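Student: Sequence plus predicted model, see below.
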Amino acid sequence: MSIASRARGALTLGLAAVLATAGVTALSGTARAASTLGAAAAEKGRYFGAAVAANHLGESAYATTLNTEFNSVTPENEMKWDATESTRGSFTYGAADQIVSHAQSRGMKVRGHTLVWHSQLPGWVGGLAAADLRTAMNNHITQVMTHYKGKIHSWDVVNEAFQDGGSGARRSSPFQDRLGNGFIEEAFRTARSVDPAAKLCYNDYNTDGVNAKSNAVYNLVKDFKARGVPIDCVGFQSHFNSASPVPGDYQANLQRFADLGVDVQITELDIEGSGSAQATGYGNVVRACLAVSRCTGITVWGVTDKYSWRAGGTPLLFDGNYARKAAYTSVLTALGGTSPGGGGSAACTVTYAKAEEWSDRFNGRVTVTAGSSAISTWTTTVTVTSPQKISTTWNGTPTWDSSGNVMTMKPNGNGSLAAGASTSFGFTVMTNGTTTAPRLGGCTAS
Ligand code: 9MR
């Protein structure tokens, strides 16, 4: 035995003794990889968050998915100026407070979004002359940050202040037009004075690769750092689709900002699409963040496709039935986690869609998609609500529990699927008067 391994042995024994004294049993054997996004990200020293809407927290599947998978939240609209100060000097925090207390009681972090932005800005702000606008902006920052002092890990102090396109110019807004370039600096200085413990971020979109807009933000941050203007982080929204895919220099761009001495955060990630293309995009984003030590966390812009701001593009990790998508598996795998039920790296996801419908029955179709590795077989379950009965199935081999309501489905013959590839099976549900949609269990792959 080498000296090093003997030292390690002694250390292990010492640790076991400490744990035993503390009344904790030391576990031996291989630790199981984390099986949720939040836990897997935490093992990598990052948070994994979602944008949350207060009005969905009462939906149990929404809350369960949020609580199980995520460890940070961003109020999607509830902290914006139109929500918190729609009338000058009269502050309303009800919906935002609901999200903050939901998060705090479950140990989740909260990102604050956003203090100074041209959009979702009440009309009265745009009507103010310069001196009054300056007072109103600083008062808004002061009031909102004071209300949430100590509860927000990072604030998007200024959002989307630059124009799209090649000019690198500032976007026109009441703040820009009346206060000039200095409004961003003023907002950050005010924010620092109110809550010195919160990380202060500049947040924008179309800045995810090296381009004229991100260069303009880069120069702003560089100037702030050189002059000692407080700034701690830059948020990269990362709204992607086929016209605006994950840039090839995404990681390099994150790294050049990090090299200026700020943290970087992926703040509003969503990628339109489906299947393996979407899964690959998500995996690339997560791997880029993990490769940049100052990339401290990732937030996806919503929990489920059905409530996304661009629901038609199905851009998120959970479908409208809260089933994990291939994109979910890709993210979890990239974070070093393992799907529940997915042995080793083999993993799959299932989604349900209703097909044909008659007065007494309907057809359901389940699509099984392999994760980022090929699988040799899969199993999933479909549960119908009594008195419904499944009368026929196709493209699969079913077995049944004693109630006859839970069908376990395996492939017909060869169940192998390439990474990201899909197959589907179908079945007919006799409604017997009940039209409730079937529920899917997890997908198990090997
Ligand atoms: O997702 C938000 C949506 O519900 C609002 O209607 C919309 C209004 O502007 O804002 C959406 O969130 C935006 C975020 O606050 C800033 N970056 C772009 C996001 C998507 O539009």
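Tutor: Ah, there it is.

Student: ranges for the helices of the stretch 151-300 of the chain?
Tutor: Using DSSP state H, counting those that start in this stretch, the helices of the stretch 151-300 of the chain run over 174-179, 183-194, 212-227, 250-258, 275-291.

Student: I'd like to know which of those helices lies nearest to the ligand.
Tutor: helix 212-227 (13.9 Å; Cβ to the nearest ligand atom). Heads up, the C-betas are built off the backbone N, CA and C, glycines and all.

Student: what angle sits between the closest one and helix 250-258?
Tutor: For helix 212-227 against helix 250-258, the angle by axes from the mean of the first three to the mean of the last three Cα atoms, to 10 degrees is 20 degrees.

Student: in helix 212-227, what counts as buried?
Tutor: 212-218, 220-221, 224 (16 or more other Cβ atoms under 10 Å).

Student: Same question for stretch 237-251.
Tutor: 237-240, 245-247, 249-251.

Student: and the buried residues of helix 212-227 as a markdown table, adding distance to the ligand and pLDDT?
Tutor: Conversion of those to a markdown table gives the following (distance: Cβ to the nearest ligand atom, whole Å; pLDDT from 0 to 100):
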| residue | distance to the ligand | pLDDT |
| --- | --- | --- |
| A212 | 19 | 98 |
| K213 | 14 | 98 |
| S214 | 15 | 98 |
| N215 | 20 | 98 |
| A216 | 17 | 98 |
| V217 | 14 | 98 |
| Y218 | 19 | 98 |
| L220 | 18 | 98 |
| V221 | 19 | 98 |
| F224 | 21 | 98 |
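
Student: from the residues you listed, which single one is nearest M407?
Tutor: S214 (50.7 Å; Cβ to Cβ).

Student: wait, isn't that closest one in contact with Y205?
Tutor: No: assessed by Cβ atoms under 8 Å, S214 is found out of contact with Y205, at 10.3 Å.

Student: what residue lies at the spatial centre of this structure?
Tutor: V300 (2.4 Å; Cα atoms, centre = their mean).

Student: Next up, the contacts around that residue.
Tutor: 49-51, 268-270, 316-317 (Cβ atoms under 8 Å, 6 or more residues apart in numbering).

Student: Around the ligand, which positions in this protein sit nearby?
Tutor: Within the chain, the positions lying close to the ligand (Cβ under 6 Å from any ligand atom) are 76-77, 119-120, 205, 237, 268, 309.

Student: between the residues you listed, which is nearest the ligand?
Tutor: For these, the nearest to the ligand is W309 (3.5 Å; Cβ to the nearest ligand atom).

Student: neighbours of the closest one, just the number please.
Tutor: 14 (other Cβ atoms under 10 Å).

Student: which SS state does it fall under?
Tutor: coil (DSSP: H, G, I helix; E, B strand; the rest coil).

Student: which two from the contacts of V300 end up farthest apart in space?
Tutor: Top of the distance list for those (Cβ to Cβ): E268 and L317, 13.6 Å.

Student: excluding its backbone neighbours, what's nearest A197?
Tutor: Nearest non-adjacent residue to A197, counting by Cβ to Cβ, 6 or more residues apart in numbering: G150, 6.7 Å away.

Student: and what of P315?
Tutor: D270 is the one closest to P315 (Cβ to Cβ, 6+ apart), at 3.6 Å.

Student: what helix or strand is V429 on?
Tutor: Per DSSP states H and E, V429 falls inside strand 422-430.

Student: Show me the shaky parts of this protein.
Tutor: 1-32, 340-346 (pLDDT under 70).

Student: what about the strands in the stretch 51-200 of the chain?
Tutor: 72-75, 109-116, 154-159, 199-204 (DSSP state E, counting those that start in this stretch).

Student: coming back round to it: just curious, which of the contacts of V300 is nearest to the ligand?
Tutor: E268 (5.4 Å).

Student: Hmm, S238 and that closest one touching each other?
Tutor: Yes: between E268 and S238 a contact is recorded at 6.4 Å, counting by Cβ under 8 Å.

Student: The residue nearest to A197: neighbour count?
Tutor: 7.

Student: Would you confirm that it contacts P196?
Tutor: No: using Cβ under 8 Å, G150 is not in contact with P196, being 10.7 Å away.

Student: Now do the shared contacts for E268 and S238.
Tutor: In contact with both E268 and S238: Y205, using Cβ under 8 Å, 6+ apart.

Student: which other residues reach stretch 405-418?
Tutor: Against stretch 405-418 from outside (Cβ under 8 Å, 6+ apart): 348, 366, 368-370, 374-386, 388, 390, 393, 395-401, 423, 425, 427.

Student: could I get the strands of the stretch 51-200 of the chain as JSON lines with mean neighbour count and distance to V286?
Tutor: Formatted as JSON lines, the strands of the stretch 51-200 of the chain follow (neighbours: other Cβ atoms under 10 Å; distance: least, Cβ to Cβ, whole Å):
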{"stretch": "strand 72-75", "mean neighbour count": "25", "distance to V286": "15"}
{"stretch": "strand 109-116", "mean neighbour count": "25", "distance to V286": "18"}
{"stretch": "strand 154-159", "mean neighbour count": "26", "distance to V286": "19"}
{"stretch": "strand 199-204", "mean neighbour count": "25", "distance to V286": "19"}
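
Student: Next, format these as CSV and append distance to A130.
Tutor: Converted to CSV, the strands of the stretch 51-200 of the chain look like this (distance: least, Cβ to Cβ, whole Å):
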stretch, distance to A130
strand 72-75, 30
strand 109-116, 15
strand 154-159, 18
strand 199-204, 22
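
Student: what about the ones you listed, which gets the closest to A131?
Tutor: Across the strands of the stretch 51-200 of the chain, closest to A131 is strand 109-116 (Cβ to Cβ), at 16.8 Å.

Student: how far is that closest one from where the chain is centred?
Tutor: Centroid separation for strand 109-116 versus its chain: 15 Å, with Cα atoms, centre = their mean, to the nearest Å.

Student: just stretch 359-378 next, same as before
Tutor: 25 Å.

Student: How about stretch 184-199?
Tutor: 26 Å.

Student: Same question for stretch 406-418.
Tutor: 30 Å.
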